[in-house]
Each structure stands twice: as structure tokens, then as C-alpha cells.
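Enquirer: I would like the atomic coordinates for the input below:
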Amino acid sequence: MKKEDSVNQSVVAEASSNNAYVSRRNFLGYIGGASALILTAAACKKDNAPASNTGVNLGSGDVGILNYAYALEQIEAAFYTKVFESVYSGISASENALLGDIRDHEVAHREFFKNALGANAIPALELDFSTINFGSRDSVLGAAKAFEDLGVTAYNGAGKLLVSPDYLTLAGKIVSVEARHAAYIRDLISLGSFADNTALDANALDMSRTPAEVLAIAGAYVKTKLNASNLPTS
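Expert: Have a look, this model is predicted:
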């Protein structure tokens with residue numbers, strides 16, 4: 001146990017130093033004090049190995065929810081990385097810089113979950129963004145809006161399923177960043193729409209979705225079959 005814990009701590013320290021460019025806006029400060037997450041996740045029994053014809057099992061309990069979040073962060077990180085393989089025509093310097101920051105944030109989220117889960121992490125997902133025209137500003141921003149809104153509703157819906165208060169605190173810190181992304185993307189599409197009634201409910205609260213609802217939507221971009229049957233539901 002001590003050996004495994006030590007490996008995970010060194011991985012996190014190395015990830016922090018290797019991502020210095022990401023933290024140029026002090027983003028990685030949000031994971032301060034999250035070492036308990038690393039140690040606990042590393043100590044959990046791995047239960048996400050693929051089973052015959054059932055796909056990659058996300059796992060159960062808190063580790064399952066962390067893998068669920070990791071899957072979503074893989075999608076977002078891959079999407080924004082692809083955006084910058086060939087940015088759309090007419091992108092402004094401001095858009096380029098801030099979308100670049102969002103990419104870096106999503107990559108940091110993905111790597112954090114990967115390192116935290118250690119041997120319990122699901123494998124890298126096979127993704128398909130063929131329905132998105134990356135040469136079109138409207139197509140890219142429309143997809144970005146969909147992904148960011150989905151991420152916000154996913155974290156909001158998963159929070160009540162977490163048992164560990166450390167995990168819940170971490171989820172709250174990440175969803176606030178995702179909501180900032182969503183607000184920025186919405187305003188790029190239509191100025192002043194950052195918190196309209198398609199994002200908030202009648203009580204001015206962000207909406208939420210269950211893991212089953214989120215994965216059904218995200219499935220349009222995921223070729224890897226995921227098995228969420230062991231995730232908690234209440």
C-alpha cells in the first residue's frame with residue numbers, strides 16, 4: 001500500500017511540474033489539498049476491466065463516478081486539442097488565446113483524473129468527431145457549447161452520488177470551471193446569452209443530468225463501448 005501511494009504522489013508532483021504552461025493563469029491551484037483523492041483512489045480495487053460484450057466497465061461507487069468524470073474530460077480534451085490542429089478561419093486573437101486556455105484546462109482535468117485513478121482508470125477512449133466541421137466557427141462553437149453544457153449538467157447530477165466529501169469538493173471546483181467555459185462559449189455565439197433559460201432552471205440554478213442521460217448524449221462521439229451499469233444511482 002505504501003509503495004502504491006508513493007508512486008501516485010510522485011506522479012502528481014511530476015504532472016504539476018510538467019504542466020507549468022497550463023498553470024500560467026494559476027489554474028492548477030484548484031487541486032491543492034486533493035492528495036486524499038489520489039491515495040484513496042489508488043487503494044481501491046480495480047473493477048473496470050472489459051467484460052465480454054459489455055464494454056469498458058466504469059466501476060462502482062466513488063471510483064466509478066471518477067471514471068465517469070474522466071471519460072467526459074477525455075472527450076472535452078480531445079475536442080479542443082483537435083480544434084487547434086487547424087483553427088477555423090477568421091478566429092480572433094482573443095478567441096484563439098481563450099480557447100487555448102480552455103483546451104489546457106480540459107487537458108489538466110483529464111490528466112488529473114488519470115493520475116488520481118491510477119490502475120483503476122479506464123483506458124483512453126476511441127472518439128469520433130466526424131460530425132463536427134472544424135473549419136467552421138459556427139460548428140466548432142456549437143459543439144463546444146454542447147460539450148460544456150453537458151459537462152456542467154454531468155457534474156451537477158453526479159455530485160449527490162459521491163460518498164467522499166473530498167471528491168465532492170473536487171467536483172465542485174471543477175464544475176465551476178466548466179461553467180465559466182460554458183458562459184464564455186455562449187457569449188461568443190450570442191453576446192449576453194451566458195446564463196439564459198436554456199442553461200438555468202426556473203430557480204436560476206444550473207441544470208443537471210444523470211450519468212445515464214449524459215452518456216446517452218456523449219455516446220454520439222464515443223466509439224468505445226462503456227458499461228455504466230455499476231454506477232450508483234442514488
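Enquirer: which residues sit in contact with the residue most central in space within the chain?
Expert: Per CA atoms, centre = their mean, the C-alpha nearest to the average position across the chain is that of residue 73, at 2.5 Å. The contact partners of residue 73, by CB atoms under 8 Å, 6 or more residues apart in numbering, come to 106, 109, 110, 113. Every C-beta, even on glycine, is put in place using the N, C-alpha and C of the backbone.
Enquirer: pull the CA atoms of the helix or strand harbouring it into PDB?
Expert: If you go by DSSP states H and E, residue 73 is part of helix 61-83. Output of helix 61-83 as PDB, limited to C-alpha atoms (Å, rounded to 0.1, in the frame of the first residue of the first chain):
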ATOM      1  CA  GLY A  61     -19.000   3.600  -6.000                       C
ATOM      2  CA  ASP A  62     -16.900   6.700  -6.000                       C
ATOM      3  CA  VAL A  63     -14.300   5.200  -8.300                       C
ATOM      4  CA  GLY A  64     -17.000   4.600 -10.800                       C
ATOM      5  CA  ILE A  65     -18.100   8.200 -10.700                       C
ATOM      6  CA  LEU A  66     -14.400   9.400 -11.000                       C
ATOM      7  CA  ASN A  67     -14.100   7.200 -14.100                       C
ATOM      8  CA  TYR A  68     -17.300   8.700 -15.400                       C
ATOM      9  CA  ALA A  69     -15.900  12.200 -15.000                       C
ATOM     10  CA  TYR A  70     -12.600  11.000 -16.500                       C
ATOM     11  CA  ALA A  71     -14.400   9.800 -19.600                       C
ATOM     12  CA  LEU A  72     -16.100  13.200 -20.100                       C
ATOM     13  CA  GLU A  73     -12.800  15.000 -19.600                       C
ATOM     14  CA  GLN A  74     -11.200  12.800 -22.300                       C
ATOM     15  CA  ILE A  75     -13.900  13.900 -24.700                       C
ATOM     16  CA  GLU A  76     -13.500  17.600 -24.000                       C
ATOM     17  CA  ALA A  77      -9.700  17.500 -24.000                       C
ATOM     18  CA  ALA A  78      -9.700  15.600 -27.300                       C
ATOM     19  CA  PHE A  79     -12.200  18.000 -28.900                       C
ATOM     20  CA  TYR A  80     -10.300  21.200 -28.000                       C
ATOM     21  CA  THR A  81      -7.000  19.600 -29.000                       C
ATOM     22  CA  LYS A  82      -8.500  18.800 -32.400                       C
ATOM     23  CA  VAL A  83      -9.700  22.400 -32.700                       C
END
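Enquirer: Which SSE is immediately downstream of that helix?
Expert: helix 93-117.
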